[in-house]
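Asker: Structure for the following, please:
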Amino acid sequence: MDKLFRTLAFLLLLSSQSFFAQQTTNTMQELERQQAELQLQKNLKENYKMLDDKIYQLKKEQKDLEIKKKNLSKSDSNLKSTKEKIEKLELANQKIENKITTTSISEEEIQKQRIKTKENEVNIQKLKLTQITQEKELEKAMSSI
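Answerer: Prediction:
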């Protein structure tokens, strides 16, 4: 009976050690799983932050490009407007010159018309200077893109 009792006690002791060993293994696995999940959450946070930073940077670059595009369009429009003004004044001068040469008008009227053409020429020269400045601005706007 004593032998049987010892055997039972030994078996009970072995099974309890096995039970505790199993619990320890499960606890270790649970800790490893939790650590892996924490690391995953940390990595996700870092990735989301990097993506948010990249989105912010791209939106900023897009806004800058839109501003540059608007400036380019404005410079181009200004340049076209100046060219049209120059053409209009040159055409007006041609009409005045034709009027002077083809019609018989008084000397006083001829002088008035010549003064008018000289004024137009001065304005044309001013506009040509403006045109040069606008062309440089346009080139600058184009190079910034």
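Asker: Isn't residue 123 up against residue 90?
Answerer: No - Residue 123 is beyond contact range of residue 90, at 10.3 Å (criterion: Cβ atoms under 8 Å). Yep, even glycine has a C-beta here, placed from its N, CA and C like the rest.
Asker: Low-confidence stretches in the chain?
Answerer: Along the chain, segments meeting pLDDT under 70 span 1, 8-26.
Asker: mind listing the helices for it?
Answerer: Taking DSSP state H as the test, the helices found in the chain are 2-102, 107-144.
Asker: now the first one and helix 107-144, what's the angle there?
Answerer: Counting by axes from the mean of the first three to the mean of the last three Cα atoms, to 10 degrees, helix 2-102 lies at 160 degrees to helix 107-144.
Asker: Begin at 57 from now on, thanks
Answerer: Okay, using 57 as the starting number, the last item reads as helix 58-158.
Asker: other SSEs contacting helix 58-158?
Answerer: Secondary-structure packing of helix 58-158 (3 or more Cβ pairs under 8 Å, 6 or more residues apart in numbering; DSSP states H and E): helix 163-200.
Asker: So what's the residue count around residue 200?
Answerer: By the measure other Cβ atoms under 10 Å, the count of residues near residue 200 is 12.
Asker: show me the contacts for it.
Answerer: Taking Cβ atoms under 8 Å, 6 or more residues apart in numbering as the criterion, residue 200 is in contact with 124, 127.
Asker: Check residue 198 too.
Answerer: Taking Cβ under 8 Å, 6+ apart as the test, what residue 198 contacts is residue 128.
Asker: just the one 3 residues further on next, same as before
Answerer: For residue 201, the set of contacting residues under the criterion of Cβ under 8 Å, 6+ apart consists of 121, 124, 125, 128.
Asker: Show the buried residues in these.
Answerer: residue 128 (16 or more other Cβ atoms under 10 Å).
Asker: okay, the contacts of residue 201 in JSON lines with distance to residue 113 next?
Answerer: Formatted as JSON lines, those follow (distance: Cβ to Cβ, whole Å):
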{"residue": "121", "distance to residue 113": "13"}
{"residue": "124", "distance to residue 113": "16"}
{"residue": "125", "distance to residue 113": "19"}
{"residue": "128", "distance to residue 113": "22"}
